[in-house]
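S.K.: 3D, please:
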Amino acid sequence: MKTWHDAVIDGITRLTKEKKSYLFSRQEIISQQLDQITREAQSVGETPAQTLSRVLQELRDERLVEFSDNQGNYISFINSVKIEDEDLPETAIDVAIKNQKLNFGEIPTGEIVMQIRQRKGQQRLRFWTLNNYQSQCALCDVKNPSLLVAAHLASWADFPEARGDLTNMVCLCRWHDPLIEYGIISFTDNYEILKKSTDSSFLNKLLQETKTYHKPLEMPLASEYLEIHRQRTGFE
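M.R.: Below is the predicted model:
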């Protein structure tokens, strides 16, 4: 016998697999899965739909599901959301990003549809990275969106599991971005700035002006990614 908790998880898994979608509604679970859920839990009761609602709230608390819009529809995080699998609406992509559940995979050559879906996910990731840093470079006062990039600390190629993680993303201007990318600047776990000297007077002036990491509204850079960046760029 399964608990209601486990039976609902299995019901959501079956439903989303059959739909080939991460999105579902409470009504879909009731109409397509509730009978099997109650059989597996061996507990029908007088109000199984209310029990289902309670368990869905528990799963939200555990970040296994979340509302995907303001219409009461859900997105499943029982498995990480692979952006290439489905043409998700922006609202659902945004929820996956905020819950650190959006994954970007490798795209075979010629898969145009998957490329379009991945670009859509990258655009939303850029939006939320800039939003997190209030559309300002984390290392200076540049605020022009056309001069800002959403940069990864743990590189896209080497750490695919971190591609959609906002705690791996930092908003940088087009001058500071290569300094981070090529290891002239890094950070301690306390966000103090680490620097390497260069033979360029221009870069040295820029480094002198680079004094403070402007922390984001939420989801600051994670220590694991800071350590990865320091190791990659020779600061450790």
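S.K.: how close does the closest residue to K211 other than its chain neighbours sit to I185?
M.R.: Closest residue to K211 apart from its sequence neighbours, by Cβ to Cβ, 6 or more residues apart in numbering: I193 at 7.0 Å. Bear in mind the C-beta positions are built from the backbone N, C-alpha and C, glycine included. With distances defined as Cβ to Cβ, to the nearest Å, the gap from I193 to I185 amounts to 6 Å.
S.K.: Repeat that for D35.
M.R.: Counting by Cβ to Cβ - D35 and I185 are separated by 59 Å.
S.K.: buried residues in the helix ranked longest in the chain?
M.R.: Criterion DSSP state H: the longest helix present in the chain is helix 112-132. Neighbour-count burial for helix 112-132 flags 114, 117-118, 120-122, 124-130, 132 (criterion: 16 or more other Cβ atoms under 10 Å).
S.K.: so what does the helix or strand following that helix touch, helix or strand wise?
M.R.: Past helix 112-132, heading to the C-terminal end, the next element that is a helix or strand (DSSP states H and E) is strand 148-152. The helices and strands touching strand 148-152, judged by 3 or more Cβ pairs under 8 Å, 6 or more residues apart in numbering; DSSP states H and E, are helix 112-132, strand 169-173, helix 176-181.
S.K.: Show the average pLDDT along strand 148-152.
M.R.: For strand 148-152, mean pLDDT is 98.
S.K.: related to what we said a few turns ago, quick check: neighbours shared by I193 and I185?
M.R.: Taking Cβ atoms under 8 Å, 6 or more residues apart in numbering as the contact rule, I193 and I185 both touch 139, 210.
S.K.: more neighbours, these two?
M.R.: For I193 versus I185, the count of surrounding residues by other Cβ atoms under 10 Å is larger for I185: 23 against 14.
S.K.: Can you report how many residues lie near the closest residue to that one other than its chain neighbours?
M.R.: Spatial nearest neighbour of I185, excluding adjacent residues (Cβ to Cβ, 6+ apart): L179 at 4.5 Å. Residues within reach of L179, counting by other Cβ under 10 Å, total 21.
S.K.: can you pull the contacts of L179?
M.R.: By Cβ under 8 Å, 6+ apart, L179 lies in contact with 185, 203, 206-207, 210.
S.K.: per-residue confidence at it?
M.R.: In this model, L179 is scored at 97, pLDDT.
S.K.: how about the strands in the chain?
M.R.: Listed in chain order, the strands found in the chain under DSSP state E are 23-24, 65-67, 74-76, 81-82, 102-103, 148-152, 169-173, 185-187, 193-195.
S.K.: Please point out which parts of the second one sit buried.
M.R.: If I follow you right, that is strand 65-67. So, applying 16+ other Cβ under 10 Å, buried residues of strand 65-67: 65-66.
S.K.: Run through who's touching that strand.
M.R.: For strand 65-67, the surrounding residues in contact (Cβ under 8 Å, 6+ apart) are 12, 56, 59-60, 73-78, 95, 99.
S.K.: what's the residue nearest to C140 when sequence neighbours are not counted in contact with, if anything?
M.R.: Distances taken as Cβ to Cβ, 6+ apart put C173 closest to C140, at 6.0 Å, once the chain neighbours are dropped. The contact partners of C173, taken as Cβ under 8 Å, 6+ apart, are 137, 139-140, 142, 147-149.
S.K.: Per-residue pLDDT of S80, please?
M.R.: At S80, the model reports a pLDDT of 88.
S.K.: Am I right that it is in contact with Q100?
M.R.: No: when contacts are counted by Cβ atoms under 8 Å, S80 is not listed as touching Q100 (9.2 Å).
S.K.: any idea how far the closest residue to Q134 other than its chain neighbours is from E18?
M.R.: Taking Cβ to Cβ, 6+ apart as the measure, Q134 lies nearest to L217, with 6.6 Å between them; neighbours along the chain are not counted. Computed with Cβ to Cβ, the distance linking L217 and E18 is 39 Å.
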